[in-house]
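> This is the structure alone, sequence omitted:
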DNA sequence: TGGGGAATTGTTAGCGCACACAATTTGGCC
DNA sequence: GGCCAAATTGTGTGCGCTAACAATTCCCCA
């Protein structure tokens, strides 16, 4: 009994005593179905445990309800949060999300991911790949694929959603300057990442705007605590450094550790500010003053933007006529890792 | 010119001067196609930029190449890593991965997610939902859905892949005992999580096995640093505590912080051991001795298990005839947050 | 040089659904 | 009571592909 294959629309129609087309109408909330008929159909659906076949539906309607998300490394806190936000929002709009993680971050790899997703027939794609290389590759994507880039800057021709990294970096730098620091050193993220570039630019801009000396940026960071630690060791043996703005929280953690191992006190001897506001930042020693960005919101906005591009006749969402460029402002979270420079 | 719709198999066939069926054979690597013919077909495919329609393919073949992953919170480090591992492995097997994040962790929510994924027509599902409630709900899933549970214990009837939490906890506890601590306190994770339960059991078992006193477990933890911090404050004002085994690294971080704020030294006054080995653990102050689990591998193994269950005629992978129960052993990573009890 | 079996190719049917249109019913109104 | 338009339902067709089977073609050996 269990062996007979899954019921199809025709089976439901037979039980309900209607045509398969009426069943289709009921299932798709089409108007002009008598309530009594609708009820009979629904009853038959329940009785049979009928589930529409998604493949047949897409084939016939030429529409998919699945979206693709390409991300470089979903293991990182930021991307993971965005993915989460995207999925949540997608669910609300009754879309599925299929993910494609990038192996490496070259153009090829990204284009491959786009191809894979297209093969699968997604209605649109969200790209979380804030590397310069990726952004460049995005230009090579055929324009018939609805695309939204997250955190890939807003200078591109594509639809985009991004946090204002420059503003965030300015926030952090100005805050330190306001505290009385002569200048602020900057632990840069990997330069292949747009975020790193923008944060560096924001830091430099803030310094220049205030007429503060622009110290040589501390390069070689790769977002990990390890590189933060390495730089921390170097900084500890460099006099005159009173304030460091780190391109992300993880590096700040490593920095904190190295500084303390070297016998320096934070914030008394050196002030440190991070970027991201990971859940743990508050519990670093000392708790980290940092720039908060709302990854979740970023993801949700990205999804909404994509939906607006692909349009949704059913939900009455028209296809947008202009490519959205959404910028989300970050905010400074003041905790205890920064203070006025010591006597 | 661009307006005419995407080429279909028939178009390729016409250009190559063969029947559509031959095109299908070439595309599916079927045998018995003359090399010359194959080349002509492939050339036509390239010329037209033809891409097979996935929906039509699944409809006709009654086979999908997409798998579903259900996870409670992909934002957490563990789940995020597993998801990553799963996607990587899936790609190698030419499968797509669509994710379904759970809103809440009750049975309903999980069953809903399963339904959504089934509606979409996935070939199988991997569940990352290590909560007791979820595991219970899994039993209600219709048995015709290939399912693999990750980190949901191995006591279930379902196929499962899990880290041996008990062994890990024993490792940590025994290590502390070996250092000379009279007993080891345990900061428990949320009891609704299997991992928390198993780690607690492992801790208790190790204590009993060695005849050490079993201290009252410290409950109320929710994996976050915040709860670790709260317990740390309490512990700081409790004499006699010399060693604490935390159910995860984040809570350990909070604990560390609270202890130090209270003027206690780690490890001199109190030894602390965590669980997970997040990338940052090494840079906590002090660097955290912890139990390492290979989430990535966990994900990969889960995927492989699922593939074996659904079988893959093309790749010559037969459907397995027994439900796999894979256990992955954790390992202790010794750093500096634990030492022998002070004088 | 012809016959037979294997290798290669083509033909015909659906897969389960949505869409366009045709057919039927219903209701309102004079 | 009859007529028309609107509301409701049904019919036929095709989405693009794979699976079975039928029809060729090829090659080798007697």
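Great, that's in hand. On a predicted model such as this, the values are computed, not experimentally measured, just so you know.
> What sits closest to residue A:16 if chain neighbours are left out?
Nearest residue to residue A:16 in three dimensions, chain neighbours excluded: residue A:44, at 4.0 Å (Cβ to Cβ, 6 or more residues apart in numbering or on different chains). No exception for glycine: its C-beta is placed from N, CA and C like everyone else's.
> which stretch of helix or strand covers the one you found?
Residue A:44 is part of helix A:35-48, with elements assigned from DSSP states H and E.
> And the lowest-mean-pLDDT helix or strand in chain A, what does it pack against?
Taking mean pLDDT, DSSP states H and E as the measure, helix A:132-138 is the helix or strand of chain A with the lowest mean score, a mean of 84. Here helix A:132-138 touches helix A:107-120, strand A:147-150, helix A:194-209, going by 3 or more Cβ pairs under 8 Å, 6 or more residues apart in numbering or on different chains; DSSP states H and E.
> Which stretch among those is buried most, on average?
Most buried of the helices and strands packed on helix A:132-138, by mean neighbour count (mean count of other Cβ atoms under 10 Å in any protein chain shown): strand A:147-150, with a mean of 28.
> And chain B, is that strand touching that?
No. Strand A:147-150 stays clear of chain B (Cβ under 8 Å from any Cβ of the partner chain), getting no nearer than 15.8 Å.
> Residue A:87 is in contact with residue B:74, isn't it?
Yes. Because the distance of 7.4 Å satisfies Cβ atoms under 8 Å, residue A:87 is recorded as touching residue B:74.
> anything in contact with each of those two?
Between them, residue A:87 and residue B:74 share these contacting residues under Cβ atoms under 8 Å, 6 or more residues apart in numbering or on different chains: B:99, B:101.
> For the stretch 1-150 of chain A, list the residues in contact with DNA strand C, please.
With Cβ under 7 Å from any atom of the strand as the criterion, the stretch 1-150 of chain A meets DNA strand C at residues A:5-6, A:8-10, A:20-21, A:24, A:27-28, A:52-53, A:56-57, A:59-61.
> List the residues that contact the residue most central in space within chain A.
Within chain A, the residue whose C-alpha comes closest to the C-alpha centroid is residue A:82; the distance, by Cα atoms, centre = their mean, is 3.5 Å. By Cβ under 8 Å, 6+ apart, the contact set of residue A:82 is A:71, A:128, A:150-151, A:295-296, A:298-299, A:302.
> A strand includes it, no?
No. Under DSSP: H, G, I helix; E, B strand; the rest coil, residue A:82 falls outside any strand and is assigned helix.
> quick one: the closest residue to it other than its chain neighbours from residue B:119, how far?
Nearest-residue entry for residue A:82: residue A:299, 3.9 Å, with adjacent residues in sequence omitted and distances by Cβ to Cβ, 6+ apart. With distances taken as Cβ to Cβ, to the nearest Å, residue A:299 is found 23 Å from residue B:119.
> where exactly do the strands run in the stretch 151-300 of chain A?
Under the criterion DSSP state E, counting those that start in this stretch, the stretch 151-300 of chain A contains strands at A:159-163, A:185-187, A:243-246, A:271-276, A:289-292.
> Next, format those as a markdown table and append mean pLDDT.
Compiled in a markdown table, the strands of the stretch 151-300 of chain A are given as follows (pLDDT from 0 to 100):
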| stretch | mean pLDDT |
| --- | --- |
| strand A:159-163 | 92 |
| strand A:185-187 | 98 |
| strand A:243-246 | 98 |
| strand A:271-276 | 98 |
| strand A:289-292 | 98 |
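> Format the ones you listed as TSV; extra columns: mean neighbour count.
As requested, the strands of the stretch 151-300 of chain A are arranged in TSV below (neighbours: other Cβ atoms under 10 Å in any protein chain shown):
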stretch	mean neighbour count
strand A:159-163	26
strand A:185-187	27
strand A:243-246	30
strand A:271-276	30
strand A:289-292	26
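> nearest to DNA strand C, of those strands?
In this view, the strands of the stretch 151-300 of chain A are compared for proximity to DNA strand C by Cβ to the nearest atom of the strand, and strand A:159-163 is the closest at 25.5 Å.
> quick revisit: possible to save the contacts of residue A:82 as a markdown table with distance to DNA strand D?
Conversion of the contacts of residue A:82 to a markdown table gives the following (distance: Cβ to the nearest atom of the strand, whole Å):
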| residue | distance to DNA strand D |
| --- | --- |
| A:71 | 28 |
| A:128 | 30 |
| A:150 | 31 |
| A:151 | 35 |
| A:295 | 38 |
| A:296 | 37 |
| A:298 | 35 |
| A:299 | 32 |
| A:302 | 29 |
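> Scan those and report the most crowded one.
Of all the contacts of residue A:82, the most densely surrounded is residue A:150 (32 neighbours; neighbours counted as other Cβ atoms under 10 Å in any protein chain shown).
> So which bits of chain A are right by DNA strand D?
By the criterion of Cβ under 7 Å from any atom of the strand, the positions of chain A lying close to DNA strand D are A:17-22, A:25, A:31-34, A:36-37, A:56, A:59-60, A:62.
> measure the residue nearest to residue A:63 when sequence neighbours are not counted to residue B:18 for me?
In space, residue A:63 comes closest to residue A:123 once its chain neighbours are excluded; the distance is 7.1 Å by Cβ to Cβ, 6+ apart. Using Cβ to Cβ, we find residue A:123 at a distance of 32 Å from residue B:18.
> do residue A:113 as well
32 Å.
> for residue A:227, same thing?
According to Cβ to Cβ, residue A:227 stands 57 Å off from residue B:18.
> okay, these two: which has more neighbours?
residue A:227 (22 against 19).
> The more buried one against residue A:254, yeah?
Yes. Counting by Cβ under 8 Å, residue A:227 touches residue A:254, with 6.7 Å between them.
> and chain A, what are its domains?
Structural domains assigned to chain A are A:9-52, A:63-163+A:295-328, A:165-293, following automatic domain parsing.
> Tell me which of the ones you listed approaches residue B:237 most closely.
Closest of the domains of chain A to residue B:237 is domain A:165-293, at 18.7 Å (criterion: Cβ to Cβ).
> ends of the closest one, how far apart?
End-to-end distance for domain A:165-293: 9 Å, by Cα to Cα, to the nearest Å.
> now stretch A:111-119, how far from the centre of its chain.
In terms of Cα atoms, centre = their mean, to the nearest Å, the centre of stretch A:111-119 is set 19 Å apart from its chain centre.
> ditto for stretch A:164-171
So, by Cα atoms, centre = their mean, the centroid of stretch A:164-171 is 17 Å from its chain's centroid.
> what sits against residue A:181?
When contacts are counted by Cβ under 8 Å, 6+ apart, residue A:181 is found next to A:242-243, A:271, A:340-341.
> can you pull the pLDDT of it?
Taken from the predicted model, the pLDDT recorded for residue A:181 is 97.
> in the stretch 101-250 of chain A, which ranges drop under the pLDDT threshold?
Within the stretch 101-250 of chain A, the set of residues satisfying pLDDT under 70 comprises A:155-156.
> For it, which residue gets nearest to chain B?
Per Cβ to the nearest Cβ, residue A:225 is where the stretch 101-250 of chain A lies closest to chain B, at 3.9 Å.
> just checking, that residue touches residue B:278?
No. Residue A:225 sits out of contact with residue B:278 when judged by Cβ under 8 Å, with a separation of 9.8 Å.
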